[in-house]
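Enquirer: Build me a structure from this.
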Amino acid sequence: MSDRKSNSDYYHPPQRILRFLRWFCDPVYLDEVEGDLFELYQEEAEQFGIRAARRRYHLHTTRYFTPYFYGKKKVWNRVLNNLQMLSHHIRFSLRHMSKQKLYTFLNISGLALGMTCFIVVSSFVKDEYSYDQYHKDADQLHRLSLQSVVMSSQDENLSAQTPILWGPALKRDYPEVEAFARFVKMPDEDEPWHFLTNDKEFLEHKILHADPAALSMFNWPLIQGSLDHALANPRSIVITQSMAKKYFGAEDPMGKVIEIDPHLRDNDGNLTQEVFAHTVTGILQDVPHHSHFTFDFLAPADDLSEILGGDINTGGNLDPWYWRGPIAYTYLKLKEGLEVESFEAKFPQFLETYLGDATTSRGYYYSPFLQPIEEIYLGGNMDSQLSPVGDRTYPTIFSIVALLILALACINFMNLATARSSIRAREVGIRKTIGAFRSQLVHQFLTESVLICFFAFLISIALARLALPVFYSYLGKEWIFHPQIQWPLLTGLLFLSLIVGLLAGSYPAMILSRFKPVEVLRGFMPNTLQSTMIRKGLVVFQFFISAFLILATLTIVRQVNFMKDHELGFDQDQVLVLPPDVMQNFSQDASSLKEQLLMIPEVEDVVLTSGVPGQNINGDLYAENGADPNTGFPIGEFFVEPNFQSMFDLKLLSGRDFFDSENGDQPILEDNGRVKEVKAILNREAIEKFGWLTPENAIGKQIIRDPNAGDWTATIIGVVEDFNIQTLQEPMVPIAMIMMPRYSHAAIKLKE
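Expert: Residues are numbered from 1 along each chain as shown. This next block holds a predicted model:
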């Protein structure tokens, strides 16, 4: 279509933007605006040409797309008016806050401290509930855990470990299992392995043997390598990104060799010095902080077949113990939409098929169960965890305390505002006299309240940033900023601060805006029964919360002091302990080490032992000689030298200590070297479990270790008072001290 009519002297402007202008512009201004634009378009068409004039027409027209010329929706005018009123309220509030500096400081600081507590605790609670939620198929991932029950006493024990052969068997027999992955932890933190590469040597303990499916089941990004093949071959190893940098720096770790010395021993207990070479086949991104377990190295689970001397997938050539001995952490990926309870109902048949009476004949039985992976961290209060876990009780308690502190800050703000009602009353009276509506006054007071809360929120963010590392350090955790967690939390807290401002300012706004100007200007202050009761109720509630928090704090302080000052049943002053990772270097000549330590003038005594009081220990089932084997129960074992009892000042209730002579209380061996008989000292809890009335009655009694297998017989020569080997939250456990050279620790008593 031509831009110029054939029989006229004017040009047609662009129609699309003209139609939009006619829709947008208020009719009051449209004729004048359209005329001016038309004349300008004709002039520019003659001067610059049609194409340039069209471009310039678009530019000139867009200048009229402003709220002033907008006339199609009357609501816009109301929006503009409200924005102008809001701007006025903000300016007035800031001016009032600057004049009332002390009042503003008290309000902002009180709310800031309350919000800081809330932010800190909310971050902690959010952190606790965010574990393992990053896995893509988290709803299908479950850990197979174990409940073992002693038949004689019905004592229950929960364990995160299961037998290593259960995972493959479940996958073979049950179509509900889509995949499985086992993790086996070989080195302990006290007995790390030596890792050597590029002339670098480190001690490491965060290494797990894992099935190849682990890399596909869990969402740990593999930076280099193949998910399907990284753990498929023996003697391969997958390392995390931080370990790659630690061992190889800027070099490409793929294909490099890491030599591992696992400190293997021969039949005589001597180190073999055997080293195993592992080839790096994958680089894994560091395991996220919000995981219920972490690691630095993954080795193939198939390597365990060589270590254990049989097939860990079928059980071929393996001792039957591996069907009942919990040494692996087994994770199952179940079919999508599967009812977990229906699958757990099949476990008794599974145990009957593969275990039979292997456990019940030994006085205990198993009850396996599944834990959703997202619930392990807060619901994992059980033995043998891969890493320390949390407790659902603490986030709940902290949440309640944080809400109470925030409520306390809000009530304090409301009380301060209502207490100043007499000062603000004349202001309200004058403003109402000159025509202010009650709604305008309410908006004014609410704006002032929200501004105070907003400033308090900004300050609370800075305070929380300083407090969070200290708070986490007090809890024994490391605070790490996670944007995907903290930013949504801060955004939510920003809206919360606005809500707090509205709630905290609502009552003062309603009370102050209700005053009648005539009464106020005459000096009469309204004081209705309702407002008085509300103010008194707020003060009472504030004192109630304060008293509750003070009592809770005193209770916690008393609990902490109790744990610090409670008599543990043993003397730990002036005692140093050499842990297994140090003692393993002297395993072949521990007696010589003891002699050299005793030559130091500051050393009073040295005792070799398998463990020390205050540290959890392993043990086995024991039953009284001649009693039903099913009456047996687990007893923790210390393998000690004669001076163990005197070293830790354990209170002897009856009997005697071990003879300090070469043959006095040494174990009696059979011809094949197997231990036949030992001497033992029990604690009070153990003799009560056996049903012996007094410590004196226990002397001379005999108990059998693993009564179904008849491991060895122990003769009781002494009884000591109970002492703690677990936290004070846990009950006392039966303990046996046995004189036997199975030492992994050295306790050194220093002179005072």
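Enquirer: What ranges in the stretch 651-752 of the chain fall below the confidence cut-off?
Expert: Low-confidence segments of the stretch 651-752 of the chain (pLDDT under 70): 660-663.
Enquirer: Which stretches in it count as helices?
Expert: Along the stretch 651-752 of the chain, counting by DSSP state H, counting those that start in this stretch, helices occupy 684-690, 695-698.
Enquirer: same thing with the stretch 1-150 of the chain?
Expert: Going by DSSP H, counting those that start in this stretch, the stretch 1-150 of the chain shows helices at 15-24, 27-48, 50-62, 75-99, 101-128.
Enquirer: For G700, which of the ones you listed is the nearest?
Expert: With Cβ to Cβ, the closest approach to G700 among the helices of the stretch 1-150 of the chain belongs to helix 101-128: 52.2 Å. Where you see a C-beta, it was placed from the backbone N, CA and C, and this is true even at glycine.
Enquirer: tell me which residues in that closest one are buried?
Expert: 103-104, 107-108, 110-128 (16 or more other Cβ atoms under 10 Å).
Enquirer: Make CSV from the helices of the stretch 651-752 of the chain and add distance to H194 to it.
Expert: Converted to CSV, these look like this (distance: least, Cβ to Cβ, whole Å):
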stretch, distance to H194
helix 684-690, 39
helix 695-698, 45
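Enquirer: looking at those helices, which is buried most?
Expert: Among these, helix 684-690 has the highest mean neighbour count (mean count of other Cβ atoms under 10 Å), at a mean of 20.
Enquirer: what's it packed up against?
Expert: Applying 3 or more Cβ pairs under 8 Å, 6 or more residues apart in numbering; DSSP states H and E, we find helix 684-690 packed against helix 695-698, strand 713-720, strand 735-739.
Enquirer: which residues are contacting the first one?
Expert: Meaning helix 695-698. Helix 695-698 is contacted by residues 653-655, 682, 684, 687, 690, 692, 716, 719 when judged by Cβ atoms under 8 Å, 6 or more residues apart in numbering.
Enquirer: swap in stretch 743-752?
Expert: Contacts for stretch 743-752 (Cβ under 8 Å, 6+ apart): 190-191, 574-580, 583-584, 590, 593-594, 597, 601-612, 639, 641, 644, 647-648.
Enquirer: Would you check how far apart K594 and M151 are?
Expert: Distance of K594 to M151, computed by Cβ to Cβ, to the nearest Å: 42 Å.
Enquirer: I meant to write E448 there.
Expert: For E448, the distance to M151 - Cβ to Cβ - is 71 Å.
Enquirer: Please identify which of these two sits among more neighbours.
Expert: E448 (24 against 18; other Cβ atoms under 10 Å).
Enquirer: just checking, that one is part of a helix?
Expert: Yes: judged by DSSP: H, G, I helix; E, B strand; the rest coil, E448 forms part of a helix.
Enquirer: mind checking the SS state of L621?
Expert: What three-state DSSP gives for L621 is strand.
Enquirer: Point me to the helix or strand that includes the nearest residue to L408 once chain neighbours are set aside.
Expert: Distance criterion Cβ to Cβ, 6 or more residues apart in numbering; nearest residue to L408, sequence neighbours excluded, is I545 at 4.9 Å. For I545, the element it lies in under DSSP states H and E is helix 529-565.
Enquirer: and that helix, what does it pack onto?
Expert: Taking 3+ Cβ pairs under 8 Å, 6+ apart as contact, the helices and strands that helix 529-565 lies on are helix 393-419.
Enquirer: in the helix it packs on, what's buried?
Expert: For helix 393-419, burial by neighbour count (16+ other Cβ under 10 Å) applies to 395, 398, 401-402, 404-415, 417-418.
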